[in-house]
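1. give me a model of this one.
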Amino acid sequence: MRGKTKMHRYLVSVILLVAMSAEVGAVTPEIRVGVGAEFESVVSDENGRLKGVIAEPYNCLLEGAGYSYEFVTLPLARLVHELRAGNIDVGLPLVHDSSRDDYATFGNTVIKSSYLRISVRSNQQKPDEPEARYVYVRGFAGRALLRGLDGRSFEVSEWSQAIAMLRRQRADYVLITEKTYGALTEFRKTDLIAEKVSDLNVAFYVRKALPKLAEALNQSNNQCQTAKLAETSG
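-> The predicted model follows:
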């Protein structure tokens, strides 16, 4: 009889452990994070962790949110498409674009940056004239700055293609973010000039079906920002 009782207790314990494991797995599923391939000079995946000049604040907020992650590197336009389709859960590094608000939630600011307008020094075309031609990477949110301008605009796959169009006089200006510009060695040339267009907040997008994930990431980000501020002021 005692043997049966011990066996019964053992089976109950096993069932409880399995149930608890299943519950934990349901609470903390693996989150698919899309990283923009065009920004690999500033942030990229390396063995399941982000590296690069803007990677630290993203690593901090991801690790503090209490989830496990699978990173996938995608071209920016594809990343946005997969976020809309629900095939990835988080996209970074991204800035706010109202066209994405129907299917994803924009997170709190992770880093401060700015939009730059790059041109060759010999360029005589004024940026706000109708004839001005702009080029940017496909899916780039900065294209919103061109609203109201009548000039032609071009989308390319890589920033190196954009700078090549400038030098071949096929475009007058490149739109790019400050962080990306600073990290790309091909832009550090004496024949180029950079003008600040506007400030911007760089963060991330979370698909709308996961509001608890968005909340956890924002809370973690706030804690990271507070800790960094305390460290800096201290």
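
2. tell me the strands beside the longest strand belonging to the chain, with direction?
-> Ordering each strand of the chain by length in residues (DSSP state E) puts strand 192-207 first. If you go by DSSP bridges, strand 192-207 pairs up with strand 90-95 (antiparallel), strand 104-106 (antiparallel), strand 111-120 (antiparallel).

3. how's this structure carved up into domains?
-> 29-111+201-233, 112-200 (automatic domain parsing).

4. ranking the ones you listed by mean pLDDT, which is last?
-> Note on those: lowest mean pLDDT is at domain 112-200, with a mean of 86.

5. please enumerate the strands of the protein.
-> 30-36, 44-46, 49-51, 68-74, 90-95, 104-106, 111-120, 134-137, 153-156, 173-177, 192-207.

6. summarise which helices and strands the third one is packed against.
-> Yep, that's strand 49-51 we're talking about. Strand 49-51 sits against strand 44-46, helix 55-64, with contacts defined as 3 or more Cβ pairs under 8 Å, 6 or more residues apart in numbering; DSSP states H and E. Yep, even glycine has a C-beta here, placed from its N, CA and C like the rest.

7. output the contacting helices and strands for the shortest one.
-> In this structure, strand 44-46 makes packing contacts with strand 49-51, strand 68-74, judged by 3+ Cβ pairs under 8 Å, 6+ apart.

8. how does it look with 6 Å?
-> If you count contacts as 3 or more Cβ pairs under 6 Å, 6 or more residues apart in numbering; DSSP states H and E, strand 44-46 packs onto no helix or strand.

9. so how far is it off the chain centroid?
-> Here the centre of strand 44-46 is set off from its chain's centre by 12 Å, with Cα atoms, centre = their mean, to the nearest Å.

10. got the buried residues for that strand?
-> Buried positions in strand 44-46, judged by neighbour count with 16 or more other Cβ atoms under 10 Å: 44-45.

11. what do you get for stretch 30-38?
-> Buried residues in stretch 30-38, defined by neighbour count with 16+ other Cβ under 10 Å: 31-38.

12. now do stretch 61-77
-> Residues of stretch 61-77 classed as buried by neighbour count (16+ other Cβ under 10 Å): 61-62, 64-65, 67, 69, 71-72, 74-77.

13. I am finished for the moment; much appreciated.
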